[in-house]
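Participant: quick check, what structure comes out for this input:
(2 chains)
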Protein chains: 2
Amino acid sequence: MLEIEVKCPVEDIGHVEERLISQGARFDKEVSQEDRYLGHPCRDFASTDEGLRLRREGDRVVLYYKGPKLDKLTKTREELSTPVPDPRSMYLILQRLGFTPVATVEKVRRTYHLGPVEVSLDTVSGLGGFVELEVQDLHLDVGRPMLEEAMKALGLERTERRSYLELLLEKRA
Amino acid sequence: MLEIEVKCPVEDIGHVEERLISQGARFDKEVSQEDRYLGHPCRDFASTDEGLRLRREGDRVVLYYKGPKLDKLTKTREELSTPVPDPRSMYLILQRLGFTPVATVEKVRRTYHLGPVEVSLDTVSGLGGFVELEVQDLHLDVGRPMLEEAMKALGLERTERRSYLELLLEKRA
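Facilitator: Below you'll find the predicted structure:
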């Protein structure tokens, strides 16, 4: 599934939430997510622009693979996922295959729907507040203007192309 | 779990089944298994003595990892497995990570119990008939005579130490 998304760092996430609500956005859910990122045994994901992670959300664990970004402005990329009913065994298998723990990103995510755009208000441990805007299953030239319009409606200007993982690793270094 | 097993190639698997039944063996089940073996992006499983496969048995798919044999005498090795509720996505993720299809072993397996020995009658696509005899959780010097006795009772003489995957790859080459 193709997803088109953009991420904006924000100082005051509560302020964005107020604007969202005043725009008639529909609140979906608040979840706590733990993303355990893994390194490849013989490929440098940082330079290939890929990612592999096990995401825990409550009791549910999902394995995600993200392919390289397909264009410059948005973060469009291939995303594959599969539920992991036995996370311990899956993690052990990945370890035996040479995948190594890189970092764990923890965040609280509050999700809204603003028309066709999914808006996530993320509070990320060690990094602060971010707003992620996303549309799915649309052509890039249809989806991109939708994101730009939503950004305008929410007063968002700056974007951040680096992932939370990249930001966390850069902050550490 | 320690498993002691031996595999015997047979010309006429129906004949072995008749002898099994006449010896009072108890039929357990017939299953159709498809093992899709995968190669590692940067490790030669043939030389590291590891294995990775997706096994389909009916509607159920399981990912298996087998580690190297731990000693010279027995075939003791670590085996890890995890159910795969979304096989298509899991296979795609493995492909994106550089795992490559090596071969698929398809077989119909009819399993019997002859006293403490589990007897599997395997009809393997492209390879023919085999009988696998196995006992579990026993010392080698207790289990091995049991297998030898069962072989005698079933009129089996030849044994085959290579795996179905190895046999299939050798036949191809």
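
Participant: surely A:P83 and B:T82 touch.
Facilitator: No. Applying CB atoms under 8 Å as the test, A:P83 and B:T82 come out as separate, 10.9 Å apart. For glycine as for every other residue, the C-beta is placed from the backbone atoms N, C-alpha and C.

Participant: the more surrounded of these two?
Facilitator: When A:P83 and B:T82 are compared for neighbours, B:T82 comes out ahead with 20 against 14, by other CB atoms under 10 Å in any protein chain shown.

Participant: distance of the more buried one from B:I93?
Facilitator: Distance, B:T82 to B:I93, by CB to CB, to the nearest Å: 13 Å.

Participant: just A:P85 next, same as before
Facilitator: 15 Å.

Participant: contacting residues for the residue nearest to A:V124 when sequence neighbours are not counted?
Facilitator: Spatial nearest neighbour of A:V124, chain neighbours left out: A:K107 (4.3 Å); criterion: CB to CB, 6 or more residues apart in numbering or on different chains. By CB atoms under 8 Å, 6 or more residues apart in numbering or on different chains, the residues touching A:K107 are A:32-33, A:35, A:122-125, A:164.

Participant: for whichever strand or helix holds A:K107, the distance to its chain's centre please.
Facilitator: For A:K107, the enclosing helix or strand under DSSP states H and E is strand A:100-114. Its chain's C-alpha centre lies 6 Å from the corresponding centre of strand A:100-114 when counted by CA atoms, centre = their mean, to the nearest Å.

Participant: and the contacts of the helix or strand just after that strand?
Facilitator: The first helix or strand that comes after strand A:100-114 along the chain, using DSSP H and E, is strand A:117-124. With CB under 8 Å, 6+ apart as the test, strand A:117-124 has contacts from A:13, A:16-17, A:20, A:25, A:28, A:105-113, A:129-136, A:146-147, A:150, A:154, A:164.

Participant: show me where chain A has its strands.
Facilitator: A:2-10, A:26-39, A:51-57, A:60-69, A:77-83, A:100-114, A:117-124, A:128-136 (DSSP state E).

Participant: can you redo the ones you listed as a markdown table with mean pLDDT and distance to B:R158?
Facilitator: Below are those laid out as a markdown table (pLDDT from 0 to 100; distance: least, CB to CB, whole Å):
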| stretch | mean pLDDT | distance to B:R158 |
| --- | --- | --- |
| strand A:2-10 | 88 | 55 |
| strand A:26-39 | 96 | 45 |
| strand A:51-57 | 96 | 45 |
| strand A:60-69 | 94 | 43 |
| strand A:77-83 | 93 | 42 |
| strand A:100-114 | 97 | 44 |
| strand A:117-124 | 98 | 62 |
| strand A:128-136 | 95 | 58 |
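
Participant: ok, which of those comes nearest B:L70?
Facilitator: Among the strands of chain A, the nearest to B:L70 by CB to CB is strand A:100-114 (22.9 Å).
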